[in-house]
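**Q** no sequence on this one, just coordinates:
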């Protein structure tokens, strides 16, 4: 009904393509178009021949001026309350009504109000607002003058209060039209439950029907039963009104519900196909996503295995290459160096031990050569002891000397001791010094090689640390990628679940739509049957009304005859009285 069955404005700049009824009811206000044209009467006459009478909204009087600036808050509140009551959540905020940002905001407010009078009205975005709004307000009978300067610019403090006053007046016109529609609803829908208040509109409708039949065929008045038939039909209609009222209300409610459901189903036909297409597309995307996910997981596992093998093989090869390079450069490995260090340490200990023995031998030789010492036997024992010490000293050392014999006399002992002092000790000392120098050179070479190896080892250690850092970084990257893949997989699973839920909802909606189609078919069948019954009843009512009209016409003819008879009688009496007066 009012404020609910009209079309909402989606695109304020688009021209309406809906058809406007060419023959509105006499209670409707003529709809306005978005084009600049001469506005006709805002209210159709009750009689087509009386079109010269002005509309209720076109009083030519000019109202006295108002203080529109002082009334601006009141007008703003009135407009906002009206839009909030009618538009609910689609109503613009009060701030936008009080101070619009531009012409588009004002166009939206005007369209929301005026669409209650003309549901298909929209302001052309290519036209000027003043060319659209001023003719409409003048056509409705706005009592105050409107200037084009009020719209330039919209929202200015010295011009916009006049437009607020016009919008508030338009709200009052819409409320009056609302009241007129509600009061005229009894005539349009056949609701006569208000008793005496509905009697006059019904009588007017009945008289209009009788007059229309009379104008179509003026010979009906010659039928004496015409008026009686019309009156009888009217009485029977009043008597049977209580029985028809419930059926009319039920039928009207069912018709409105069916129309609403039909509109919903028609509007959802394309949406259903869109849902099906979207469902198929989502299923295809889900399948592709699952395939891609499985492929990524397989590639990831394969890459991890290959990377693990490659990293192990690379470390082993790097160690081998370092060992080979080390052998080529130095001819020694780490184990050889450690062995050489151990041998050098043992050789130094052996040299120190030999030197100690040599000193001891020198002491013993000195003791033997001391002539003031013991006797020959004691010297011989010391010589034997010295020989043992020489054997210990020469162990592991090659000396090209003749061995010492066992002396039998003091002279042989003295010769052996001289040979030992002059030959053995110098030769042994020289050999020992050579061995010491050789060991020192070898030790210096080993130390130099050891420093070189340490430097290269440090370089290799740094490279290994960098490689480990790189591996750790790559491992972190792979771990983050795995976590991202897991998160994406979880999101995909959630999305798949949502798609499945949407699929179930769409299937349920499709089933509900099928059920609604079946119910609509049943309701259409019932409605068709009810329509046939109503048509039969209407035909019966029309026949009864024709009879009542005929009876009424007959009574009117009788009254007319009686009136003529009374007039003739009065004329006769007047003539008689006149003749009597003349005789007197």
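**A** Structure received. Predicted model only: the values in this text are computed from it and were never measured.
**Q** all helices for the stretch 51-200 of the chain, in order.
**A** Along the stretch 51-200 of the chain, the stretches classed as helices by DSSP state H, counting those that start in this stretch are 68-87, 94-98, 103-114, 129-140, 160-189, 196-216.
**Q** so who does the closest residue to residue 228 other than its chain neighbours touch?
**A** Once flanking residues are discounted, residue 228 sits nearest to residue 551: 1.2 Å by CB to CB, 6 or more residues apart in numbering. The C-beta positions use only the backbone N, C-alpha and C, and glycine is treated the same way. Residue 551 makes contact with 225-232, according to CB atoms under 8 Å, 6 or more residues apart in numbering.
**Q** Okay, now the unreliable bits of the stretch 101-250 of the chain?
**A** Along the stretch 101-250 of the chain, the parts satisfying pLDDT under 70 run over 180-205, 211, 214-215, 218, 221, 238-250.
**Q** can you pull out the helices in this structure?
**A** For the chain, the helices defined by DSSP state H cover 68-87, 94-98, 103-114, 129-140, 160-189, 196-216, 226-239, 241-330, 334-369, 376-393, 410-419, 425-583.
**Q** Ok, which of these comes nearest residue 151?
**A** Nearest to residue 151, of all the helices of the chain, is helix 129-140, at 4.5 Å by CB to CB.
**Q** buried sites along that closest one?
**A** Under the neighbour-count criterion of 16 or more other CB atoms under 10 Å, helix 129-140 has 129-130, 132-137, 139-140 buried.
**Q** do stretch 75-91 as well
**A** Quick answer for stretch 75-91 (16+ other CB under 10 Å): 75-76, 78-80, 82-83, 86, 91.
**Q** cool, stretch 446-454 as well?
**A** By 16+ other CB under 10 Å, the buried positions in stretch 446-454 come out as 446, 449-450, 453.
**Q** From those residues, pick the one nearest residue 264.
**A** Nearest to residue 264 among the buried residues of stretch 446-454: residue 453, at 89.7 Å, using CB to CB.
**Q** where does the closest one land on pLDDT?
**A** We have a pLDDT of 81 for residue 453.
**Q** distance of it from residue 322?
**A** Taking CB to CB, to the nearest Å as the measure, residue 453 and residue 322 are separated by 11 Å.
**Q** same thing with residue 515?
**A** Residue 515 sits 81 Å away from residue 322 when distances are taken as CB to CB.
**Q** between those two, who's got more neighbours?
**A** Neighbours per residue (other CB atoms under 10 Å) separate residue 515 from residue 322, with residue 322 holding more: 16 against 10.
**Q** What is the neighbour count of the residue nearest to the more buried one when sequence neighbours are not counted?
**A** Ranked by CB to CB, 6+ apart and with sequence neighbours excluded, the top spatial neighbour of residue 322 is residue 460, at 5.8 Å. As a burial measure, residue 460 scores 16 neighbours (other CB under 10 Å).
**Q** ok, back up a step: TSV for the contacts of residue 551, including neighbour count and distance to residue 291?
**A** What follows is the contacts of residue 551, written out as TSV (neighbours: other CB atoms under 10 Å; distance: CB to CB, whole Å):
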residue	neighbour count	distance to residue 291
225	18	88
226	28	86
227	25	88
228	21	88
229	23	84
230	29	82
231	22	85
232	20	83
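**Q** From those residues, pick the one nearest residue 420.
**A** Of the contacts of residue 551, the one sitting nearest to residue 420 (CB to CB) turns out to be residue 230, at 177.5 Å.
**Q** what's the average pLDDT for stretch 74-83?
**A** Rounded mean pLDDT across stretch 74-83 is 91.
**Q** Other residues contacting it?
**A** Under CB under 8 Å, 6+ apart, the answer for stretch 74-83 is 68, 91-92, 94, 97-98, 109, 112-113, 161, 164-165, 167-168, 171, 174-175.
**Q** Just the buried ones among the residues you listed, please.
**A** Buried subset of these (neighbour count, 16+ other CB under 10 Å): 68, 91-92, 97-98, 109, 112-113, 161, 164-165, 167-168, 171, 174.
**Q** Out of those residues, flag the one nearest to residue 502.
**A** Ranked by distance to residue 502 (CB to CB), those are led by residue 91 at 32.2 Å.
**Q** I'd like to know how far the residue nearest to the closest one when sequence neighbours are not counted sits from residue 346.
**A** The spatial neighbour of residue 91 that comes closest, neighbours along the chain excluded (CB to CB, 6+ apart), is residue 83 at 4.1 Å. To residue 346, residue 83 is 110 Å away according to CB to CB.
**Q** repeat for residue 142
**A** Counting by CB to CB, the gap from residue 142 to residue 346 is 126 Å.
**Q** Same question for residue 431.
**A** Look at residue 431 and residue 346: by CB to CB, they are 18 Å apart.
**Q** Which one's more surrounded, these two?
**A** Taking neighbours as other CB under 10 Å, residue 431 and residue 346 compare with residue 431 leading, 16 against 10.
**Q** Okay, domains of the chain per the record?
**A** Per automatic domain parsing, the domain ranges recorded for the chain read 1-189, 234-550.
**Q** ok, of the ones you listed, where does mean pLDDT dip lowest?
**A** Lowest mean pLDDT within the domains of the chain: domain 1-189, a mean of 70.
**Q** rewinding a little: rebuild the helices of the stretch 51-200 of the chain as JSON lines, extending it with distance to residue 466.
**A** Shown next, in JSON lines, are the helices of the stretch 51-200 of the chain (distance: least, CB to CB, whole Å):
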{"stretch": "helix 68-87", "distance to residue 466": "71"}
{"stretch": "helix 94-98", "distance to residue 466": "65"}
{"stretch": "helix 103-114", "distance to residue 466": "65"}
{"stretch": "helix 129-140", "distance to residue 466": "74"}
{"stretch": "helix 160-189", "distance to residue 466": "75"}
{"stretch": "helix 196-216", "distance to residue 466": "101"}
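**Q** how about those, which one is nearest residue 426?
**A** Smallest distance to residue 426 across the helices of the stretch 51-200 of the chain (CB to CB): 122.7 Å, for helix 94-98.
**Q** same for that closest one, what does it pack against?
**A** Other helices and strands packing on helix 94-98, by 3 or more CB pairs under 8 Å, 6 or more residues apart in numbering; DSSP states H and E, are helix 68-87, helix 103-114.
**Q** Using CSV, lay out the ones you listed together with distance to residue 545.
**A** What follows is these, written out as CSV (distance: least, CB to CB, whole Å):
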stretch, distance to residue 545
helix 68-87, 40
helix 103-114, 40
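**Q** Looking at those, which is nearest to residue 304?
**A** Per CB to CB, nearest to residue 304 of those: helix 103-114, 60.1 Å.
**Q** relative to helix 129-140, how tilted is the closest one?
**A** With axes from the mean of the first three to the mean of the last three CA atoms, to 10 degrees defining the directions, helix 103-114 sits at 20 degrees from helix 129-140.
**Q** now the angle from helix 103-114 to helix 68-87?
**A** For helix 103-114 against helix 68-87, the angle by the same axes, to 10 degrees is 60 degrees.
**Q** what sits up against helix 103-114?
**A** The contact list for helix 103-114, computed with CB under 8 Å, 6+ apart, reads 9, 12, 32, 79, 82-83, 86-87, 90-92, 96-97, 100, 121-123, 129, 133, 136, 151, 154-155, 163, 167, 170-171, 174.
**Q** Same check on stretch 285-302?
**A** Residues from elsewhere that reach stretch 285-302 (CB under 8 Å, 6+ apart): 481-482, 485, 488-489, 492, 495-496, 499.
**Q** any idea how far residue 126 is from residue 154?
**A** According to CB to CB, residue 126 and residue 154 sit 17 Å apart.
**Q** just residue 117 next, same as before
**A** Using CB to CB, residue 117 is found at 22 Å from residue 154.
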